[in-house]
Structures are given as C-alpha cells and as structure tokens.
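Visitor: next comes the sequence, and after it the predicted model I'd like to discuss.
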Amino acid sequence: MTQSLDDPDLDFYGSVVAELRQPLTTISGQAQLAKQLMRTDPDRASEALDHVVAQIGRMKMLLGELRDRARDAEDAEVLFKT
C-alpha cells in the first residue's frame, strides 16, 4: 500500500517528527552549553539546565498528546467497524 504526498497521515507524522526534533535540538545544545559552563559560569550553566528541563516537559506534553490521539483513533476505528 503506497501513500500519496497529499495523504493527511503523512502530513500528521511529518508534523509530529518536526515538533519532537525541535525540543531535542534545544536539549542537546543547552546540555552542551551547561557542560562547558559548569566550571567557569555556574549561573549560566544552571540557566541552560533549566532550559533542558523545560524542553523535556514540552516533549512529555507532545508525547502525551500523540498517545491520546492514537487512542482516540483506535477507539474511533473500533466504533466504526461492522
């Protein structure tokens, strides 16, 4: 089964991937920055780690929404089966 480029499922999954990549990129950069600043500027390192924690929270929220949508889709599929 092939899907066309206009398939809403492909668009949805592409959006999910993009939304999850953004916080991962931020987490990676902030963690690297914190590591570099630990000895020279602990306050800035702490701020960088605060950003990491915030982005992890964002990822948890996005994954929770994704899980809920998957459950809703599964429930809808069961309802419409005959």
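Guide: The structure has been received and is ready for your questions.

Visitor: mind checking how far the most centrally placed residue in the chain is from A31?
Guide: For the chain, the residue nearest the mean C-alpha position is L20 (2.7 Å; Cα atoms, centre = their mean). Distance of L20 to A31, given as Cβ to Cβ, to the nearest Å: 17 Å. Backbone N, C-alpha and C define where each C-beta goes, glycine included.

Visitor: likewise for H51?
Guide: H51 is 9 Å from A31, by Cβ to Cβ.

Visitor: starting at the chain centroid, how far to the biggest helix by length in the chain?
Guide: Determined from DSSP state H, the single longest helix within the chain is helix 42-80. Distance of helix 42-80 from the chain centroid (Cα atoms, centre = their mean, to the nearest Å) equals 6 Å.

Visitor: buried sites along that helix?
Guide: Using 16 or more other Cβ atoms under 10 Å as the test for burial, helix 42-80 gives 45, 48-49, 51-52, 55, 58-59.

Visitor: for it, name the packing helices and strands.
Guide: helix 8-37 (3 or more Cβ pairs under 8 Å, 6 or more residues apart in numbering; DSSP states H and E).

Visitor: now do the helix it packs on against helix 42-80: the angle between them, please.
Guide: Put simply, helix 8-37 runs at 160 degrees to helix 42-80, going by axes from the mean of the first three to the mean of the last three Cα atoms, to 10 degrees.

Visitor: low-confidence ranges, the chain, go.
Guide: 1-7, 9, 78-79, 81-82 (pLDDT under 70).

Visitor: state the number of residues packed around P23.
Guide: By the measure other Cβ atoms under 10 Å, the count of residues near P23 is 20.

Visitor: test my guess that it contacts Q55.
Guide: Yes: taking contacts as Cβ atoms under 8 Å, P23 lies within contact range of Q55: 4.1 Å.

Visitor: ok, and what's touching stretch 16-27?
Guide: 51-52, 55-56, 58-59, 62-63, 66 (Cβ atoms under 8 Å, 6 or more residues apart in numbering).
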